[in-house]
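S.K.: Got a sequence here, can you build the structure:
(6 chains)
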Protein chains: 6
Amino acid sequence: MKIKVINPNTTWSMTEKIGAAARDVAAAGTEIVAVSPQMGPVSIEGHYDEAFAAIGVIDEVLKGEAEGCDGYVVACFGDPGLGAAREIAKGPVIGIAEAAMHAASFLGGGFSIVSTLERSRPLMEHLVTAYGMTHQCRSIRMTDLPVLDLEVEGSNAEALVLEECRKAVEEDGADCVLLGCAGMADLTARISREIGAPAVDGVAAGVKFVESLVALGLGTSKRHGYAAPLAKPYEGAFSAYAPGNRR
Amino acid sequence: MKIKVINPNTTWSMTEKIGAAARDVAAAGTEIVAVSPQMGPVSIEGHYDEAFAAIGVIDEVLKGEAEGCDGYVVACFGDPGLGAAREIAKGPVIGIAEAAMHAASFLGGGFSIVSTLERSRPLMEHLVTAYGMTHQCRSIRMTDLPVLDLEVEGSNAEALVLEECRKAVEEDGADCVLLGCAGMADLTARISREIGAPAVDGVAAGVKFVESLVALGLGTSKRHGYAAPLAKPYEGAFSAYAPGNRR
Amino acid sequence: MKIKVINPNTTWSMTEKIGAAARDVAAAGTEIVAVSPQMGPVSIEGHYDEAFAAIGVIDEVLKGEAEGCDGYVVACFGDPGLGAAREIAKGPVIGIAEAAMHAASFLGGGFSIVSTLERSRPLMEHLVTAYGMTHQCRSIRMTDLPVLDLEVEGSNAEALVLEECRKAVEEDGADCVLLGCAGMADLTARISREIGAPAVDGVAAGVKFVESLVALGLGTSKRHGYAAPLAKPYEGAFSAYAPGNRR
Amino acid sequence: MKIKVINPNTTWSMTEKIGAAARDVAAAGTEIVAVSPQMGPVSIEGHYDEAFAAIGVIDEVLKGEAEGCDGYVVACFGDPGLGAAREIAKGPVIGIAEAAMHAASFLGGGFSIVSTLERSRPLMEHLVTAYGMTHQCRSIRMTDLPVLDLEVEGSNAEALVLEECRKAVEEDGADCVLLGCAGMADLTARISREIGAPAVDGVAAGVKFVESLVALGLGTSKRHGYAAPLAKPYEGAFSAYAPGNRR
Amino acid sequence: MKIKVINPNTTWSMTEKIGAAARDVAAAGTEIVAVSPQMGPVSIEGHYDEAFAAIGVIDEVLKGEAEGCDGYVVACFGDPGLGAAREIAKGPVIGIAEAAMHAASFLGGGFSIVSTLERSRPLMEHLVTAYGMTHQCRSIRMTDLPVLDLEVEGSNAEALVLEECRKAVEEDGADCVLLGCAGMADLTARISREIGAPAVDGVAAGVKFVESLVALGLGTSKRHGYAAPLAKPYEGAFSAYAPGNRR
Amino acid sequence: MKIKVINPNTTWSMTEKIGAAARDVAAAGTEIVAVSPQMGPVSIEGHYDEAFAAIGVIDEVLKGEAEGCDGYVVACFGDPGLGAAREIAKGPVIGIAEAAMHAASFLGGGFSIVSTLERSRPLMEHLVTAYGMTHQCRSIRMTDLPVLDLEVEGSNAEALVLEECRKAVEEDGADCVLLGCAGMADLTARISREIGAPAVDGVAAGVKFVESLVALGLGTSKRHGYAAPLAKPYEGAFSAYAPGNRR
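M.R.: Below you'll find the model as predicted:
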């Protein structure tokens, strides 16, 4: 089974970390292809960044279909381009925010999300609502760390993240903690140990859930909501992406 | 006051119709600039189309800021790129779905949406929820007309739309009807007359609401949710769009 | 176009301030008629006050229909008598709470309401829910100022309101602030400047939205929810208000 | 114990029927005072009627407090004036819509409301939402009977109501049926027998629930939401109702 | 009328206190039978305890039907076994959590729950949602007292409960307070006096509401949701409970 | 890895079918132990059956912990005993209703449930709400087949189930179909083929999701909601189940 894990930003050091996290948990027969798009933002911290990252995700899924990928993980906590990706993928496509939230709902009665910049809070609130997780979400705690600070050796990022995770459990009554940024994938085990409660990394959860669905022979439904894009022309710079042209 | 009305698809015959609808209702001192992006889908009928259309909307808002536009209407019933557009606009940005829903909520106790392809229903349901309009939405009726059929002379599109509007009022208990496609803007007056209830065209409502907010000196808030994109590099084909590079 | 702005309480100094705020933003061709009812409470601070104020609002709308008014703004943040007013008005009727909330939802991802007495909080919570704005409302902050203290020269009312607005943005994550009392209309510009985020005055927003709807030829729907009252006798003191008797 | 049952409309034939229904179920020591206001609409079929009926309800509660009433039932399915009545009553005040809905929620997993004119549907939907009964409400079925037709001897009103109750159980999956008009109080027993499921009359349920709360020594809370009206002048025709003046 | 009040745990000192509270409020003709099951947990503080307590509740309702009981109160704030009990009872069955919440909703605009161990919070949140009381629930305050500490003479349990009740009213804006444990039934009157707001004991409210429904001739609906269990074999230790075997 | 799949009813022919379905999808290293409790109902079709089945589930999880099971699937679409099971299991415990709903939410924009007796509809509606899946659930279609008819050779059960699945997709707009009974596990592949959309069997999905969580080192959180039962005596027939006694 071949699963493509797409880091929607173009920071390859993060992509490598994400790829390692994915390979760590992948089953014996699973090939992980971890990629970043060739174009787009180096980090995703708002709607504007997300709009461009979505095109990168689409581009990688289009290639993935040609390369025989069986499923996809969109490895950014905002799930950019997820709906579009589902329209063009035969197999399952899972975002790491949804993977983490659904996993947490199997493990406890309420989760908290610990993430990066305060300005991304509304994006996360929107996902919590969209995935029907309002009743599960105890709190969203932002460290106010820029995404790329997680990549800097020797920063105090890890300590800050850990502190918010601890407060989520002690003060907000969270049963589990979700690490709300793909760049935190390597902190999971340590945080879980320190707080005495499951810490869920959406990259790892996403890989296992895609593996599960593929093993069950289940792909994205092509009826109604995620039916394949209708064939039609696209103008200008995007003409190569016109449905029907390429696939 | 200069308001840019962006038809996010690239079908200029529709853009002209939209521009005419906008000019019909604009105040004396309002200049309407009706445009389509230079790139992207000829019609928007799913998540995939929307992802590309969002970039076109962004492109037009970036230009609009340079051209001194005071506000924007995003003239596609799915409100593509709305969040990203708000991050980069100083003035207000309103989508026609939200404009129509909010207008209807001032006029009656419940509305129905009449729109095009069945496959777009989940997109509309998502907007109804996102805008907090669940309690107002009596029904969503799809004619199963492709968007561009509305542009074809002599089609029975108008009759089909009218029939669904009539059923919305008679069978579903709608007080008002929303025309769920910018391409229906020219049918509003006739439908309203025939069904004996307000028919709301989002393009017209969007123009008036943007005019209203600009007149009040109100623009998009730059605190929290729609703060300006952080300066950062964008790789590859999108490098010109990197925040800080261009504006 | 003639718009009647009804201050539902009988404190004319407030009515004048409201009228001035309305005239400040009205378009060139709009005539603003600002009135208070001839009967009812001097301020509205609970369900009991509201019940009487509603009759005053109805009385002014009945007169307004005879006077050729094209639309109405109900200038009390509890929107008293709004449903009844809609049943008897041909044009649009907008309450300042709903005007402010809808305006704010165009400008940001979340608003806070800053208002007067703590005891009015449940009324505001009810409106937030009724208008589908739960997802937008970050907080309701009450200054615990009686409504009429806003009319007293030299009180520290303005400072108190400003302080709560600042906290709404800094502590509660509000993108915009709504001034939850018609008596605060004159503070809007200053507050907006001080907090660096849009402050929305419902009177101003209500006037512009009514203007917009009238310009679009849209009035209150007479189907279902706000159909005209059925003709029937009313007994005793209210006999003159019996539907069919008067209009 | 003295309970005042207020029929908010001025049709005394209905008031007598309501009083009889209340006395039928009252405990041995309970005195039922069934009244209609001296002023207001002969039937309540919309927001406009309700606004005037609310004043009548208030008037009767003010008198009731002077007369030593221990609690109140507001016997119109729209619960007019309920909030205001609670601000001025020491004892409990219950509307028949809320009484019926809460009773039904003790008896089954879902109820349907069967009522009168189609135009009152939005009022009932609003109450269902306001009372948190969305998950319990299987359907609202309107017979399109005017309220006063229920008072006409030999009409087919009873047959029509029964037919809708039967459909509610058979087609909509209702476990119980609520009779959505005080004028249907005398049909309860027969309907319950015919449909083989509980039919709940809000008048009867309201009387028993008020009796229960009074027996428990529980009255309307005077903290926050229903605190007594603040003393203040009321102008003109309503001056006698000014809080502080009268009580 | 015979009402069985079932304390689902097996601590008879608590059962006696509950029985006394029930008898204190019962009407002249009402016989209260207060029991604990013969098997099961001595206190109920989680899902595991609740699962066993539910069988005890069922056992007592089965016996109660044979003994001619007219209705039942399930006297544990988690309402264990309530649905099953309704399937086998002809009369009404009310849990004390639902009784208290519905009573409070008649008395004020928002309530708080004050209860025992922090670990029971999710059970209570679940009930608040299931009963449609989200809009009424201002806060859930846990004293972190084990249930049985309420039975210990000279403990400071009462002071702790009172303190949280006071904070609920002063800090959380509660109009009423619900005592979230049957073991607190004897504190009601004193707490209500001290906090100046209604304190609702679910045992007392449950008894009066069951009395009310029985007096109205209303029992559990046997259509749909709580229809009698289908006859079928049960294996092993539970064979005597097989529907059709016993009743 | 050892996963116990618990059929909460005592019909071993169904248990064998469920075990086969589980083994079909289990990974190479996964041992499936499929069991029925030694006591309880032969099928689960209501709250009463569920209460007894919950004890059987608990019994099997207690044994499973002693036997070294790494995780559990509760194979009845009502998820009986799920909360209690989580309190006593170290590893993950997943019900097949929740597994199926979460899987479907990864594959499409809306699902329908096709299940057995009409009387179980409220149980399913409750789960849909409890799992936050209201926005995903297009319809619940009951075949009105008793559960055990699915076990009868030559019945038309399969045809009936297929027909409802087809209608769910064609008429209700479902993207996926959930088979709402463990006894339908063997129909999945055929139905999926016939309706051209994913049919999700909760048993298979549950096994893969438990495998995934175990592989990730994630078990049930022991903080707050599912903390281990407190040690305490249980009286009578259940004394052996007292927490602290046994484990």
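S.K.: does the worst-scoring helix or strand of chain A on mean pLDDT come close to chain E?
M.R.: The weakest-scoring helix or strand in chain A, judged by mean pLDDT, DSSP states H and E, is helix A:121-130 (a mean of 92). No - using C-beta under 8 Å from any C-beta of the partner chain, helix A:121-130 stays clear of chain E, with a minimum separation of 14.7 Å. Where C-beta positions appear, they are placed from N, C-alpha and C, glycine not excepted.
S.K.: ok, now which ones touch the residue nearest to residue A:139 when sequence neighbours are not counted?
M.R.: In space, not counting the residues next to it along the chain, residue A:139 is nearest to residue A:172; the distance is 4.0 Å by C-beta to C-beta, 6 or more residues apart in numbering or on different chains. Residue A:172 sits next to A:112, A:138, A:139, A:141 when contact means C-beta atoms under 8 Å, 6 or more residues apart in numbering or on different chains.
S.K.: Tell me which other helices or strands the longest helix belonging to chain A touches.
M.R.: Longest helix in chain A by number of residues (criterion: DSSP state H): helix A:47-67. On a contact count with 3 or more C-beta pairs under 8 Å, 6 or more residues apart in numbering or on different chains; DSSP states H and E, helix A:47-67 meets strand A:2-6, strand A:31-35, strand A:40-41, strand A:71-74, helix A:82-88, helix B:47-67, helix B:82-88.
S.K.: State the three-state secondary structure for the residue in chain A that chain D sits nearest to.
M.R.: Nearest residue of chain A to chain D: residue A:135, at 13.3 Å (C-beta to the nearest C-beta). When classified by DSSP: H, G, I helix; E, B strand; the rest coil, residue A:135 comes out as coil.
S.K.: I'd like the distance between the closest residue to residue A:7 other than its chain neighbours and residue E:11.
M.R.: The spatial neighbour of residue A:7 that comes closest, neighbours along the chain excluded (C-beta to C-beta, 6+ apart), is residue A:15 at 4.2 Å. Remark: distance between residue A:15 and residue E:11 (C-beta to C-beta, to the nearest Å) = 59 Å.
S.K.: Please apply the same query to residue A:153.
M.R.: Where residue E:11 is concerned, residue A:153 sits at a distance of 59 Å (C-beta to C-beta).
S.K.: does residue A:110 really touch residue F:224, like I thought?
M.R.: Yes - assessed by C-beta atoms under 8 Å, residue A:110 is found in contact with residue F:224 at 7.1 Å.
S.K.: who's more crowded, those two?
M.R.: residue A:110 (25 against 21; other C-beta atoms under 10 Å in any protein chain shown).
S.K.: Contact partners for the closest residue to chain C within chain A?
M.R.: Nearest residue of chain A to chain C: residue A:122, at 4.3 Å (C-beta to the nearest C-beta). When contacts are counted by C-beta under 8 Å, 6+ apart, residue A:122 touches B:224, B:225, C:109, C:110.
S.K.: Recalculate using a threshold of 10 Å.
M.R.: A:46-47, A:140, B:83, B:224-226, C:108-110, C:135, C:173, C:175 (C-beta atoms under 10 Å, 6 or more residues apart in numbering or on different chains).
S.K.: Need the max-distance pair from those residues.
M.R.: A:46 and C:135 (18.8 Å; C-beta to C-beta).
S.K.: Neighbour count for those two, which is higher?
M.R.: Counting neighbours by other C-beta under 10 Å for residue A:46 and for residue C:135 shows that residue A:46 has the greater number, 25 against 19.
S.K.: Go ahead and confirm that one touches residue B:230.
M.R.: Yes - Residue A:46 is within contact range of residue B:230, at 7.2 Å (criterion: C-beta atoms under 10 Å).
S.K.: what do these two both touch?
M.R.: With C-beta under 10 Å, 6+ apart as the test, residue A:46 and residue B:230 both reach A:117, A:119, B:87, B:243.
S.K.: Which one (most neighbours) among these?
M.R.: Neighbour counts for the shared contacts of residue A:46 and residue B:230 were taken using other C-beta under 10 Å; the highest belongs to residue B:87, with 25 neighbours.
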